[in-house]
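In: here's my sequence, what's the structure:
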Amino acid sequence: MKLQCDVEVINRMLPTFGMKNKGKSSRAVLSIGKHVDSLCLLICTSKDRSGSKYKARPFHLLYRHDHLKENIEKFFTWFVEEGKATVRLKEPAVDICLSKADINGLKNFLSAARLAHRGSNTDTLALSTLAPARARDVEKPKKKLTILSKKDYPLTSNFPYSLEQLQVSYCKLSRVDMRMLSLKALRRLDLSNNHIKTLPSTIGDLTFLTELILHNNHLESLSHALCDSTLQASLQHLDLSQNQLKVLPTRFCQLRELVNLKLDDNKLVQLPFHIGRLTKMRYLSAAHNQLTVLPGDFRKLSLENVDLFGNPFTRANALEHTIHLTFPLTLQELTLRAVVDRRIPYGPHIIPFHLCGELEFWKACDCGRACVSSYIQTAVSMNLHLVSHTVVLVDNMGGTEAPVQRHFCSLVCYCEFMDSCVQRGLR
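Out: Numbering: from 1, shown residues only. The predicted model follows:
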């Protein structure tokens, strides 16, 4: 049984002599195997691949004990799910601290060590030959890997578990390799310039992922699972440019840590309805889509840079409106408005599922109240400099204005809005 990880050997006797441990860990290979007629624990590092060169240095020692059963005092496994554990030995009085280990490998190693500790029959244990470690086994864990051709793509070997940045481009991938989703330390995943059509729902298992780049693929839709995953708390940069997206999921704006969002060169007919909830977003690029109007929530954004060039925006005219009002308002509409206005918790376990869907698209009237299915809708022209410090021109005529939706909960609110527009026009 072998395990690759970082190892720090702490001598518990040093404080007795007024000395401190150096507190330094090294990449190492741990082995449990037979030496002569005994079970032994072997630690090899890059500086001591044989395990016997620098016996005076704590984290380069070779520990060989005739009775491993009696020599392990205790296992500390509180943080095994983080790839950490500690094995306490009696003689010498040291703590072997393990970190940055593959979680499954660490569990298997500790299981074998426990069996040895209990004095189990050695024939049932997965023992290793206590031999010097290979240079590649004690190298520092690989953090970054870039693959730019299909011939370099690993088919038989796994990706290094320690990867924090992975780029796989120009490999004609039609789907996301599930082996990538087991890289728990991954922070940046670049799958640009492939043929990916869908994303697996389990991509949210990458709990530390801050950058996801899917530029120039064949994506036609995103699943709700992506927006409901742990990516809500980690994802900051998302590049979906040059795909085939027409709409984004209704829950897309739950990715509230987003800072940079790229949607260029898709087929989007609308931006997320509640885009204003992306309060941390500073860079938005959605050039060359099919946008005709921006959602009303767009006015809540506070951006550093926005690029909406090349969209067929309509000419805004507040007099042109769509009426979805019913007179009088239905009991359902009144109830749904009350749920939003009073912030009453709801869910499919409380109200019918289809009503939950309608509540996802509630609109805010100028008066501050909500409307759900009954409203008046129009569009007004807004200078994008009101929401962004830097604005890329919307068209070839040098314009920086775009139409933004407005909703009104009643005819009274709409008339008041029109009166204010007339007054501003008179001024």
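
In: which parts of the stretch 251-400 of the chain are strands?
Out: Remark: strands assigned in the stretch 251-400 of the chain by DSSP state E, counting those that start in this stretch are 260-262, 283-285, 303-307, 321-323, 363-364, 370-371, 376-383, 388-392.

In: next one: the fifth one to chain centre, how far?
Out: How far strand 363-364 lies from its chain's middle: 30 Å, per CA atoms, centre = their mean, to the nearest Å.

In: so where is the stretch 151-300 of the chain shaky, pLDDT-wise?
Out: In the prediction, the stretch 151-300 of the chain carries no residues with pLDDT under 70.

In: so the residue lying closest to residue 230 once chain neighbours are set aside, which of the three states?
Out: Once flanking residues are discounted, residue 230 sits nearest to residue 207: 4.7 Å by CB to CB, 6 or more residues apart in numbering. C-beta: built from backbone N, CA, C; applies to glycine. At residue 207, secondary structure determined by DSSP: H, G, I helix; E, B strand; the rest coil is coil.

In: do residue 106 as well
Out: Using three-state DSSP, the structure places residue 106 in helix.

In: what's the neighbour count on residue 191?
Out: For residue 191, the count of nearby residues is 24 (other CB atoms under 10 Å).

In: got the contact list for it?
Out: Counting by CB atoms under 8 Å, 6 or more residues apart in numbering, residue 191 makes contact with 167-169, 173, 176, 213-214, 217.

In: let me know the closest of these to residue 196.
Out: Closest approach between the contacts of residue 191 and residue 196, by CB to CB: residue 217, at 4.3 Å.

In: C-alpha coordinates for stretch 242-259, CSV please?
Out: Written as CSV, here are the backbone C-alpha positions of stretch 242-259 (Å, rounded to 0.1, in the frame of the first residue of the first chain):
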residue,chain,number,x,y,z
GLN,A,242,-19.6,31.6,-29.4
ASN,A,243,-22.2,28.9,-28.6
GLN,A,244,-25.8,28.2,-29.7
LEU,A,245,-27.6,29.5,-26.6
LYS,A,246,-31.0,31.1,-27.1
VAL,A,247,-32.0,31.5,-23.4
LEU,A,248,-30.4,31.1,-20.0
PRO,A,249,-32.1,29.2,-17.2
THR,A,250,-34.5,31.1,-15.0
ARG,A,251,-32.3,30.5,-12.0
PHE,A,252,-29.1,31.6,-13.7
CYS,A,253,-29.0,34.7,-11.5
GLN,A,254,-28.4,32.5,-8.4
LEU,A,255,-24.8,32.5,-9.5
ARG,A,256,-24.4,35.6,-7.4
GLU,A,257,-20.6,35.5,-7.1
LEU,A,258,-20.2,36.2,-10.9
VAL,A,259,-17.9,39.1,-11.6
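
In: what residues sit buried inside that stretch?
Out: For stretch 242-259, the neighbour count (16 or more other CB atoms under 10 Å) marks 242-243, 245, 248-249, 251-255, 257-258 as buried.

In: my guess is residue 7 meets residue 94, correct?
Out: No - contact status for residue 7 versus residue 94: not in contact, 11.0 Å apart, counting by CB atoms under 8 Å.
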